[in-house]
Every structure is written in C-alpha cells, then in structure tokens.
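Asker: Turn this into a structure:
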Amino acid sequence: GEVALIEGAEVAVSLADDARVREANRAFRGKDRPTNVLSFPAAPPDRIGSSPFLGDVILAYETVAAEAQAEGKAIGHHLAHLVVHGVLHLIGYDHMTDDEAERMEHLETAILASLAIADPYAAPSAQELD
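Answerer: Residues are numbered from 1 along each chain as shown. Predicted coordinates:
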C-alpha cells in the first residue's frame, strides 16, 4: 500500500563529488565505488510515516553527469529522477525483486510526468537522437 507521511516531512538532498559518494558507499554499504545516488533513511520503514525527517539523499555529480550524457538526457531531468528514486528508497520502496522494481519504476515515471519530465525508462526515440 501507499506510505502515509506526516505533512511537512523533510528530506536533505546533497550534491557531492564521486570521491565523497564512494567514501559513503564504502563506509555504509561495503561497496568501494561511487554510485549515482545513496539514500539514508532516518527511521525504519515501519516508522518512517511518523518521522518529521525522512533522511538523506546524496547524489554523485560526476557519475550523474556522465550517465545523463551517455543516455542523452538533460542533466536536470536525470538529477530529478535520481532524487525521486532516492526519496522512494527513504520511504521504504525497493527494487530487489522484479515486482518491486516494476512498482518503483511506475511510481518514478508518474512522479516525473507530473513534473513534465519524460519517462526515464523509455528507449530514446529517433527524434530525440537528431
């Protein structure tokens, strides 16, 4: 079901460099490499709905910029997608199974559409590649 959040719940979004994100990824997840986005929930999933602070979303600028360029996306749109993805992780969504991934992708696509950002999972059209 949907996660109910308290009104005015806050999220901290940080734009960092790849080195900082690699450090956090190694320290907290045991993965010694940068990644595009990391999420650090402020409360466990069963209590996040009553938390005034949802957690931190940290983006790795160089990785995000390289991905956007490789995928032919505007960097602002890719950043927005990753913030949405990160916030969904904060409130308990995941993509460990195909069903979870599909549900999360549908939510991301709907949220981004409400911001006038194209489906990030759609294959680029020939027109966009011109």
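Asker: which helices and strands sit right next to the helix or strand containing residue 19?
Answerer: Residue 19 belongs to helix 18-29 when assigned by DSSP states H and E. Counting by 3 or more C-beta pairs under 8 Å, 6 or more residues apart in numbering; DSSP states H and E, the packing neighbours recorded for helix 18-29 are strand 37-41, strand 53-60, helix 61-71. Glycine gets a C-beta too; all of them are placed from N, C-alpha and C.
Asker: Try it again at 7 Å.
Answerer: With contacts defined as 3 or more C-beta pairs under 7 Å, 6 or more residues apart in numbering; DSSP states H and E, the secondary structure elements packing on helix 18-29 are strand 37-41, strand 53-60.
Asker: Among those strands, which comes closest to residue 19?
Answerer: Across the helices and strands packed on helix 18-29, residue 19 has its closest neighbour in strand 53-60 (8.8 Å, C-beta to C-beta).
Asker: how far does that closest one sit from the chain's center?
Answerer: Between the centre of strand 53-60 and the centre of its chain there are 9 Å (C-alpha atoms, centre = their mean, to the nearest Å).
Asker: Can you list the helices and strands that that strand packs against?
Answerer: strand 10-16, helix 18-29, strand 37-41, helix 75-90.
Asker: Run the angle between the shortest one and helix 75-90 for me.
Answerer: For strand 37-41 against helix 75-90, the angle between stretch directions is 30 degrees (axes from the mean of the first three to the mean of the last three C-alpha atoms, to 10 degrees).
Asker: Name every strand pairing with strand 37-41 and say which way it goes.
Answerer: Looking at strand 37-41 with DSSP bridges, its partner strands are strand 53-60 (antiparallel).
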